[in-house]
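Participant: Model the following, please.
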Amino acid sequence: MTQDTLALFDFKACTTLIGSQARAHTLMQTFMDALPEAYGTLETLDGKAALSEFCHHWIGAMSYCSMPQLKAKLEHLYHLSHTHPFETLKPYIQDTLNTMNLMIQSWPNISFDHEGASH
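Facilitator: Here you go, the predicted structure:
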C-alpha cells in the first residue's frame, strides 16, 4: 500500500475527534459504505446547484471522518460551483471521482493497529 493511499484515511485524527477508536472505525466504515452511492451521484450531476448541494452535504457528513484529501477536493468543488460555469468543473469533478474510486478500492485493504495508525 502506498503512502498516497494511506494519506486518504487519517484514522488517528478521526479517533481523536470521536474519542473512541471503535466508534471512529465504525463511523469511517459507515461513510465508506455510502461512498459508492455518492460516487454514482457525483458522476451524474448536471448543474451547479446540484453540485453545490452534493458537496455541502458530503462535507458535512465528513466533519468527523478524517479523510483530508477527499474533503479538500469537495470543499474546492463547492467553492468553484459558486464561481465557475458547470462545464468548466468537469476536470475537478473527475479528479474527485478518481479520489473516491481510489478510496473505495483501498478501504478493504486498510487495517488499523491499537495506536490507530494505518499499516
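
Participant: going forward, measure contacts between C-alpha atoms and count neighbours the same way
Facilitator: Noted.

Participant: pLDDT value on residue 14, please?
Facilitator: With respect to pLDDT, residue 14 scores 89.

Participant: Can you get me a residue count around it?
Facilitator: A count of nearby residues for residue 14, using other Cα atoms under 10 Å, gives 23.

Participant: in which helix or strand would I find it?
Facilitator: Per DSSP states H and E: residue 14 is located in helix 11-18.

Participant: Point out the other helices and strands that that helix packs with.
Facilitator: helix 21-44 (3 or more Cα pairs under 8 Å, 6 or more residues apart in numbering; DSSP states H and E).

Participant: what's downstream of the helix it packs on, the next helix or strand?
Facilitator: Helices and strands here follow DSSP H and E; after helix 21-44, the next one along the chain is helix 48-61.

Participant: Next, count neighbours for residue 76.
Facilitator: The burial count for residue 76: 14, using other Cα under 10 Å.
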